[in-house]
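1. requesting a structural model of the entry that follows:
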Amino acid sequence: PFEDGDDTTSGRAVVWGNAERAPWIILCEGIETGSAVAFAFPSEVETGEVAVASAITAGGVEAFRLYSNTTRVTVAADRDEAPKPDGRPGSRRGEQAARRFGLRHHETPSIAVALPGQPGQSLYWLDAFKRDGAAAVRLGVGAVPEGVAGDDGVDDGVVGRRGTAVDGHAPALEAIHHVV
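-> Got it, this is the predicted structure:
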């Protein structure tokens, strides 16, 4: 039930596993992506090593608040780079949300971003799951090098580099993780 008549999804998430106990949160935009990722990490979810959270929207990814036990976050972002059927460019909204989340939480020991597919494509982790199976999702999301996502100084909304925080400032990112 929503409080105070608030019937929006803002600030809410669907969670697989025990997010209060798990040190690693895999944060997803949509519930479909969350389902695919949770299916790819069943033993880790079951043992409490990982919790998968679907923030429902890109805005939810940006607003997601960490649990006190969280030491590692991987944002399993949607890739939306291919031109739309009407010729408009891809929105890259999932990547933008992942960047904003990384900047807000740059003091967290480890934040990474995982994108399915290759640059120029539009692909969700559910697409990768259906095409290549749970093992591919597991490899793609789980193989992201640890670090802290931060701003690469480019105001294009694209997470493009990865690094670690220095003196409380978000670092430049070094190389986005492209998989599957």
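2. just the C-alphas of the strand ranked longest in the chain, formatted as PDB.
-> The residue-count maximum for a strand in the chain (DSSP state E) belongs to strand 110-116. C-alpha atoms of strand 110-116 as PDB (Å, rounded to 0.1, in the frame of the first residue of the first chain):
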ATOM      1  CA  SER A 110      32.300  -0.500  -5.500                       C
ATOM      2  CA  ILE A 111      29.900   0.700  -8.100                       C
ATOM      3  CA  ALA A 112      29.900  -0.600 -11.700                       C
ATOM      4  CA  VAL A 113      27.700  -0.500 -14.800                       C
ATOM      5  CA  ALA A 114      27.000  -3.400 -17.000                       C
ATOM      6  CA  LEU A 115      25.400  -3.000 -20.400                       C
ATOM      7  CA  PRO A 116      24.400  -5.800 -22.700                       C
END
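3. distance between that strand and the chain's centre?
-> Put simply, strand 110-116 sits 6 Å off its chain's centre (Cα atoms, centre = their mean, to the nearest Å).
4. counting contacts, what elements does that strand pack onto?
-> strand 72-76, helix 93-104, helix 125-132, helix 134-142, strand 177-179 (3 or more Cβ pairs under 8 Å, 6 or more residues apart in numbering; DSSP states H and E). For glycine as for every other residue, the C-beta is placed from the backbone atoms N, C-alpha and C.
5. out of those, which one sits most buried?
-> Each of these was scored by mean neighbour count; the highest is strand 72-76, a mean of 26, by mean count of other Cβ atoms under 10 Å.
6. listing partners with orientation, what would you give for that strand?
-> Sheet pairing of strand 72-76 (DSSP bridges) gives strand 24-28 (parallel), strand 110-116 (parallel).
7. and that strand, average pLDDT?
-> Strand 72-76 shows a mean pLDDT of 94.
8. can you tell me the centre-most residue of the protein?
-> Closest residue to the average C-alpha location of the chain: Val75 at 1.7 Å, with Cα atoms, centre = their mean.
9. what's the closest non-adjacent residue to that one?
-> Take Val75 and drop its neighbours on the chain: the residue closest to it by Cβ to Cβ, 6 or more residues apart in numbering is Ala98, 4.1 Å away.
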